[in-house]
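Student: Provide a 3D model corresponding to the input given below.
(chains A and B)
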2 protein chains.
Amino acid sequence: MTSATPRRPSEGAAAAGGDRLRAEMWTPKPAIELSSQRAVRRHNLSIVLRQVVEQGPRSRATIAQATGLNKSTVSSLVSELMEFGLLVERGAEHRGTAGRPGLVVDVKRDGVVALGLEVNVDYLGVQATDLAGGSRYKAMEAADNRGRGVEEVFDALGALAQGALTEVQAQGLRPIGATVALPGLVDLERGALLVAPNLHWKDVPVIDRLREHIDAPNLPLSADNEANLAALAELWEGAATGYSDFVYASGEIGVGGGIVLGGELFRGYRGFGGEFGHTTVEVDGLPCACGSRGCLETRAGLEPLLAAAGLDGEAVSKRGTAKPVAELLRRAQENDEAAVKALTECGRWLGVALGTVVNLLSPQAIVLGGHFAPMSEWLAPVIAAELGSRVLGGNGAVPPVIASSLGAEAAMRGAAATQLRRVLADPTLVAAG
Amino acid sequence: MTSATPRRPSEGAAAAGGDRLRAEMWTPKPAIELSSQRAVRRHNLSIVLRQVVEQGPRSRATIAQATGLNKSTVSSLVSELMEFGLLVERGAEHRGTAGRPGLVVDVKRDGVVALGLEVNVDYLGVQATDLAGGSRYKAMEAADNRGRGVEEVFDALGALAQGALTEVQAQGLRPIGATVALPGLVDLERGALLVAPNLHWKDVPVIDRLREHIDAPNLPLSADNEANLAALAELWEGAATGYSDFVYASGEIGVGGGIVLGGELFRGYRGFGGEFGHTTVEVDGLPCACGSRGCLETRAGLEPLLAAAGLDGEAVSKRGTAKPVAELLRRAQENDEAAVKALTECGRWLGVALGTVVNLLSPQAIVLGGHFAPMSEWLAPVIAAELGSRVLGGNGAVPPVIASSLGAEAAMRGAAATQLRRVLADPTLVAAG
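Tutor: Purely as a prediction, here's the structure:
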């Protein structure tokens, strides 16, 4: 029996019985080995790139020592990463001892860049981050997106994105992807917004729409929930870098949440986890934009908070949230009774919902983000008191409540970092561009 | 340089420079290799034992085929497992085809057994399970443990445990461990109950106390939360065998919870996760035994449920819960208005709390256990309706609500299975006995 078609040994053995040896000879083994060699190479490129990105500029010899790869392999990997435009050679390595200074390898600052875009209820934004974590461009636009149609929002978002692309390209940077942060449930696979209660949007194919508005047909695009991306930013470069298991609670027009378990974002089996803002705090409470009643965000969202403090909640979305939040903080600092009382009440509602979260998830820490971060001076002690009375197990079970260090940019930073981390995991992704 | 003391090569190399070769010669390499050989052997013993336990009786040849181990290795491993008293040889393998029937290897039913003990608010129990999952002994004792001191409860639990040990030994079985299911937070390392709100117990060294009451000084003992163990039992052999990610909600005097993520029990960073019963459903609600207010169990615990149905909640604990639960179910079946209304209200409170859980964890399924299981005919539709209105993301985000198939024995089955699984993972644990 002969055949011109290569077959896998199992097929050959099953079909031909005694002809097994010959069937095995036809197996395309070199192809398999080559692909495995490529996988090893990709893996090693990633290891070397991460060394430099995470540990700072260093010599090839230092990289070899730290990674266990041999020096000639490191040299070859560094050369490839330089060809990709990810690393550069420069200056001398600073050493404590005397001796001839060697050349060091560093991240190419004028190399690749990723965009983090954000559509939120009251603003649009874009932020460009380079591989060293440097912010290379940012633009934010206050806008009441509830009052605008999807079309109008995407015209504006597209203009922001295109402006960023044009600007970073003028800086000699190479965009390697963009991720859009969205205030609702996201279908990651389709890059679509399934539902955003506060925007009153349903089933918006975000990635497809954005693509129509930018001149970058091959730029990798993705979308994710804004609080998830902000939680990742806190984990990777913010207040939670020392924690592996935390709950991120974010103050916006709504209330967002992100859960990090074992150093990774937890999405849940169906992919819709982390929706902390829709924790029920009052069974027959106020109607929520999501269609339910008594959700946390009907009490701890920005508008009820400002209203309780005697500030005009309605005017927020037209002017953006920065000014009224600043005004609330100014009044609280001056011990204005209504402002302090409103923050205390907000902290109490947050504490009630977080008590439930802690009883369920027993996290290492709670991180307050969005406008909860600058308010944490007032919120955190009230939350801690509620946790003290509501968490089973007492002191050992109550986690610390800390404030985000990234502020309003957390989601956009996380969005850009998501794209950059794809390249860190597989530097060959930028080879073709 | 010479030395009579063996050193590791790194020490030798660092200390003696050129004397490196000699330092390496002193390294106790054979010991390292032996330990690795033992680890491989242990691993292979586990693979063979699991094959027979999980897939049923089979020939050595079938085991070899299924595991990829060669026949002589399988024969040797089977012999060792037979020496351990875990497997036996018997009968013939049933095959669809003709030919000489071979001997099969099966779990030794009269081999090892594990005890699952339970201290709950209104009963004590013990259950002995053999390696094939067969229940070999069980005893339950209704008792109001709130009305008894710790000493008295341990006298009774010790008597139950000792009775079980004596009985299974009389059956020729060999006890390999016991796990105690407890209605509160458990310190796994110390085997201590940290706090059990409904028992009003704090810091009870359960394992140490139990040890004093049984005549088995070397029997491995452990303790865990009862709802965690019940959730594991549902995963391993109950209603949730098809699910990897679910939330188990259990009706008892209190309300218990267990979270399974990725096929494993989720405890959380601090180890106190899954306390579903202490989800806040009313901010200024009824006082809870835990010290907080408005916890789910103040509404969905058995006593408020019975009281709402017009049954005497107070008498429950003196008679055990089986009779009043049966009476409530009987009345509901006859469409007694108060009984149906009480169950509907209970379902609503559960739905409110589960809505929060689903928004946070996005699970694959919800499993109702304890007395919620026989009540699920009334509870599940109300819960599903609440989830429909409270879960963000609509149909795709709402998980099915199913009933436990193990009933009141779930925690004890899970407790015994925990011990048996230790042996499945490392059969050499029983070698010494």
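
Student: Could I get the CA-only coordinates of stretch A:133-150 as PDB?
Tutor: Below are the C-alpha coordinates for stretch A:133-150, written out as PDB (Å, rounded to 0.1, in the frame of the first residue of the first chain):
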ATOM      1  CA  GLY A 133       4.500  52.800  30.800                       C
ATOM      2  CA  GLY A 134       5.000  56.400  29.800                       C
ATOM      3  CA  SER A 135       1.900  58.400  28.900                       C
ATOM      4  CA  ARG A 136       2.400  59.800  25.400                       C
ATOM      5  CA  TYR A 137      -0.800  61.500  24.700                       C
ATOM      6  CA  LYS A 138      -4.100  62.100  26.500                       C
ATOM      7  CA  ALA A 139      -7.400  63.800  25.700                       C
ATOM      8  CA  MET A 140     -10.600  63.900  27.600                       C
ATOM      9  CA  GLU A 141     -13.900  65.400  26.600                       C
ATOM     10  CA  ALA A 142     -16.700  66.000  29.100                       C
ATOM     11  CA  ALA A 143     -20.000  65.200  27.500                       C
ATOM     12  CA  ASP A 144     -23.500  64.000  28.500                       C
ATOM     13  CA  ASN A 145     -23.500  60.800  26.500                       C
ATOM     14  CA  ARG A 146     -27.000  60.000  27.800                       C
ATOM     15  CA  GLY A 147     -28.200  63.000  25.800                       C
ATOM     16  CA  ARG A 148     -26.500  61.900  22.600                       C
ATOM     17  CA  GLY A 149     -27.200  59.100  20.100                       C
ATOM     18  CA  VAL A 150     -24.800  56.300  19.600                       C
END
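
Student: which stretches of the stretch 201-350 of chain A form strands?
Tutor: Listed from the start of the chain, the stretch 201-350 of chain A has strands (DSSP state E, counting those that start in this stretch) covering A:201-204, A:221-225, A:246-251, A:255-261, A:264-266.

Student: Which among the ones you listed is found nearest to chain B?
Tutor: Smallest distance to chain B across the strands of the stretch 201-350 of chain A (CB to the nearest CB): 7.0 Å, for strand A:255-261. Using the backbone N, CA and C atoms, a C-beta is placed for each residue, glycine as well.

Student: okay, the strands of the stretch 201-350 of chain A, which one's buried deepest?
Tutor: Most buried of the strands of the stretch 201-350 of chain A by mean neighbour count (mean count of other CB atoms under 10 Å in any protein chain shown) is strand A:246-251; its value is a mean of 29.

Student: So which elements touch that one?
Tutor: Here strand A:246-251 touches helix A:226-237, strand A:255-261, helix A:337-361, strand A:365-370, going by 3 or more CB pairs under 8 Å, 6 or more residues apart in numbering or on different chains; DSSP states H and E.

Student: Could you list the buried residues of the longest one?
Tutor: In terms of neighbour count (16 or more other CB atoms under 10 Å in any protein chain shown), helix A:337-361 has its buried residues at A:339-340, A:342-343, A:345-361.

Student: same thing with stretch A:62-82?
Tutor: Neighbour counts using 16+ other CB under 10 Å place A:62-64, A:67, A:69, A:73-78, A:80-81 of stretch A:62-82 among the buried residues.
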